[in-house]
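Asker: quick check, what structure comes out for this input:
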Amino acid sequence: MEYYLHFINRFPDIQSLAKSSLDEVLKAWQGLGYYTRARNLHATAQYIYYQMNGRFPENYEELIQLKGIGDYTASAIASFAFGKPVAVMDGNVQRVISRMNGINTPVNTTRGKKLIKKEAEKLLPSQNTALHNQAMIEFGATQCIPRNPKCINCPLNQICYAFHHNMVEELPVKRKNKTKRLRYFYYLTIQKNGHLFFQKRAENDIWNSLYQFPLIESDRELEIQEITDSKEWNEIFNKLTPSIKKISNTYTHLLTHQKIYACFVEIKISSANNFLLNNYTLIEKNKIQNLAVPRLIEKYLEEKI
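Answerer: Residues are numbered from 1 along each chain as shown. From the prediction side, this is the model:
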């Protein structure tokens with residue numbers, strides 16, 4: 001909540017968000033996770049402010065075209081903000097619909113979502129659709145709950161397929177998530193005359209556009225000798241004599257589909273080569289707090305600086 005309120009106070013409207021730089025937005029977002037959301041918020045704010053003259057779209061068809069807005073968000077905005085007759089599908093509603101109709105198609109697949117939404121749209125009343133959507137969400141959250149739902153006293157048990165066929169605990173069906181990918185990050189905190197080297201992540205990967213230390217990544221745990229013998233190490237420190245001062249404990253960071261083990265190798269150098277100067281940026285220690293960095297690096301910096 002603290003991070004959320006900080007972000008809202010920093011960017012209270014679309015104009016302030018659109019006119020800020022991406023670095024400013026990512027820095028303010030720090031601690032909230034899922035940085036793609038921050039990038040999408042910024043891009044959408046700029047599109048609405050500069051391309052649509054500040055007019056926020058009111059219907060589902062326009063909303064779904066905006067960056068970062070999927071079916072649930074587009075439906076929710078259209079229904080709750082503008083009173084449009086669109087069914088809002090969250091996990092609670094998916095559970096209610098799948099149980100009522102005996103739908104065994106996994107709800108976390110494209111086909112399952114479309115099928116359940118089609119059934120939910122059949123239930124939409126001609127008026128007060130926003131109230132209906134709120135009620136469906138609340139019903140799933142308080143009555144048709146995931147485990148041990150209150151079926152005996154449920155006002156819908158007479159028309160519920162799952163209740164009559166003893167399938168309440170089996171529905172909804174969910175496709176199992178993929179096994180978490182394990183990644184090993186070895187950050188090189190290279191210090192030169194009170195400055196540290198940083199780079200901005202540009203790959204189509206986690207933490208895009210956030211700053212990080214020079215990184216050596218592996219799909220397994222490495223010994224320090226393996227790190228210093230690596231191609232990346234020799235490229236970074238070509239013709240230099242790096243002095244390793246300390247190796248940190250391992251930091252563990254969990255993401256939705258990934259588990260990251262990170263270690264920080266603290267290094268001092270007296271001079272820099274062209275590779276370092278061309279690929280990384282020297283930042284004064286007292287200015288590092290202005291950088292937007294992943295929470296993983298932020299935790300390390302909080303302990304060190």
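
Asker: for the stretch 201-305 of the chain, give me the ranges with low pLDDT.
Answerer: Confidence mapping of the stretch 201-305 of the chain against pLDDT under 70 gives the ranges 305.

Asker: strands of that one, start to end?
Answerer: 211-212, 215-218, 243-247, 251-254, 258-268, 281-284 (DSSP state E, counting those that start in this stretch).

Asker: now render those as JSON lines, adding distance to residue 174 and mean neighbour count.
Answerer: C-beta: built from backbone N, CA, C; applies to glycine. As requested, the strands of the stretch 201-305 of the chain are exported to JSON lines (distance: least, C-beta to C-beta, whole Å; neighbours: other C-beta atoms under 10 Å):
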{"stretch": "strand 211-212", "distance to residue 174": "34", "mean neighbour count": "19"}
{"stretch": "strand 215-218", "distance to residue 174": "31", "mean neighbour count": "16"}
{"stretch": "strand 243-247", "distance to residue 174": "41", "mean neighbour count": "12"}
{"stretch": "strand 251-254", "distance to residue 174": "20", "mean neighbour count": "13"}
{"stretch": "strand 258-268", "distance to residue 174": "20", "mean neighbour count": "19"}
{"stretch": "strand 281-284", "distance to residue 174": "44", "mean neighbour count": "14"}
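
Asker: need the ones you listed in a markdown table with distance to residue 90, can you?
Answerer: What follows is the strands of the stretch 201-305 of the chain, written out as a markdown table (distance: least, C-beta to C-beta, whole Å):
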| stretch | distance to residue 90 |
| --- | --- |
| strand 211-212 | 34 |
| strand 215-218 | 36 |
| strand 243-247 | 45 |
| strand 251-254 | 23 |
| strand 258-268 | 25 |
| strand 281-284 | 42 |
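
Asker: show me where this structure has helices.
Answerer: Ranges of helices in the chain, per DSSP state H, are 2-10, 14-18, 22-29, 35-46, 60-63, 71-76, 91-101, 110-122, 129-142, 161-164, 224-228, 231-236, 274-279, 295-304.

Asker: ok, and the closest non-adjacent residue to residue 99?
Answerer: residue 162 (3.9 Å; C-beta to C-beta, 6 or more residues apart in numbering).

Asker: report pLDDT for that neighbour.
Answerer: pLDDT for residue 162: 97.

Asker: ok, now residue 32?
Answerer: Per-residue pLDDT puts residue 32 at 89.

Asker: just give the closest residue to it, not the sequence neighbours.
Answerer: residue 3 (5.0 Å).

Asker: measure that neighbour to residue 34 for me?
Answerer: Look at residue 3 and residue 34: by C-beta to C-beta, to the nearest Å, they are 12 Å apart.

Asker: can you check residue 250 too?
Answerer: 23 Å.

Asker: and for residue 45?
Answerer: Using C-beta to C-beta, we find residue 45 at a distance of 17 Å from residue 34.

Asker: the more surrounded of the two?
Answerer: residue 45 (23 against 12; other C-beta atoms under 10 Å).

Asker: might one say that that one is in contact with residue 38?
Answerer: No - if you go by C-beta atoms under 8 Å, residue 45 and residue 38 don't touch, sitting 10.6 Å apart.
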